[in-house]
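[1] 3D model of this:
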Amino acid sequence: MAYEVEIKRNPAIRFALLAIGWLSVALGVIGIFLPVLPTTPFLLLAAACFVRSSRRFYLWLVLHPRLGPWIRDYLEGQGLPRKAKVYALGLMWSSIALSCYLVPLPWARAFMLTSAVLVSLYILKQKTRR
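    Now for the predicted structure:
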């Protein structure tokens, strides 16, 4: 399993991954209560950071009684909740639209729009869990 990999990282990289992981956990928890903020993408980002920086925190997150099911469902191929898909796509496209409005460079706009389309296709391709 992924959490059995021995972690040998530069301390600065490990610290950065831990910081991003805990920030993502905080945003994910806030997203449970705040309908504008998606929960699942932040918890998945936290799990990805923790699996590369701290086995203990990764196990804590994945086995957590409230937060763990969000991650385990995705990792086990059960898909993402419909709410998570809608929020992720809505926020992503809102931020891309604002960025395209603010950035006048055509190549930057093309890059942002291409990235958004690819991420959208990936999200939509995932199974939808009610």
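[2] only C-alpha atoms from now on, for both contacts and neighbour counts.
    Noted.
[3] what sits against D73?
    Shown in contact with D73 (C-alpha atoms under 8 Å, 6 or more residues apart in numbering): 79-80.
[4] one more pass at 7 Å, please.
    G79 (C-alpha atoms under 7 Å, 6 or more residues apart in numbering).
[5] what helix or strand does it sit in?
    helix 68-75 (DSSP states H and E).
[6] any buried residues in that helix, and which?
    68, 70-72, 74 (16 or more other C-alpha atoms under 10 Å).
[7] starting at the chain centroid, how far to it?
    12 Å (C-alpha atoms, centre = their mean, to the nearest Å).
[8] pLDDT of that helix, averaged?
    The average pLDDT for helix 68-75 rounds to 84.
[9] looks like F50 contacts W22 (just checking).
    No. Assessed by C-alpha atoms under 7 Å, F50 is found out of contact with W22, at 8.7 Å.
[10] who's more crowded, these two?
    Shown here are F50 and W22; by other C-alpha atoms under 10 Å, F50 has more neighbours (25 against 20).
[11] pretty sure that one sits in a strand.
    No. Counting by DSSP: H, G, I helix; E, B strand; the rest coil, F50 is located in no strand; its state is helix.
[12] now it: how far from F15?
    10 Å (C-alpha to C-alpha, to the nearest Å).
[13] all helices in the chain, in order from the N-terminus.
    Taking DSSP state H, the helices of the chain run over residues 11-33, 40-53, 55-63, 68-75, 82-102, 106-125.
[14] any buried residues in stretch 97-116, and which?
    For stretch 97-116, by 16+ other C-alpha under 10 Å, it's 97, 100, 109, 112-113, 116.
[15] how about stretch 32-52?
    The neighbour-count check on stretch 32-52 (16+ other C-alpha under 10 Å) flags 37-52 as buried.
[16] need the residues that contact it.
    Outside stretch 32-52, the residues touching it (C-alpha under 7 Å, 6+ apart) are 3, 7, 17-18, 20-22, 24-25, 27-29, 31, 57-58, 61, 70-71, 84, 87-88.
[17] let's see it at 8 Å
    With contacts defined as C-alpha under 8 Å, 6+ apart, stretch 32-52 is touched by 2-3, 7, 14, 17-18, 20-25, 27-31, 57-58, 61-62, 67, 70-71, 80, 84, 87-88, 91.
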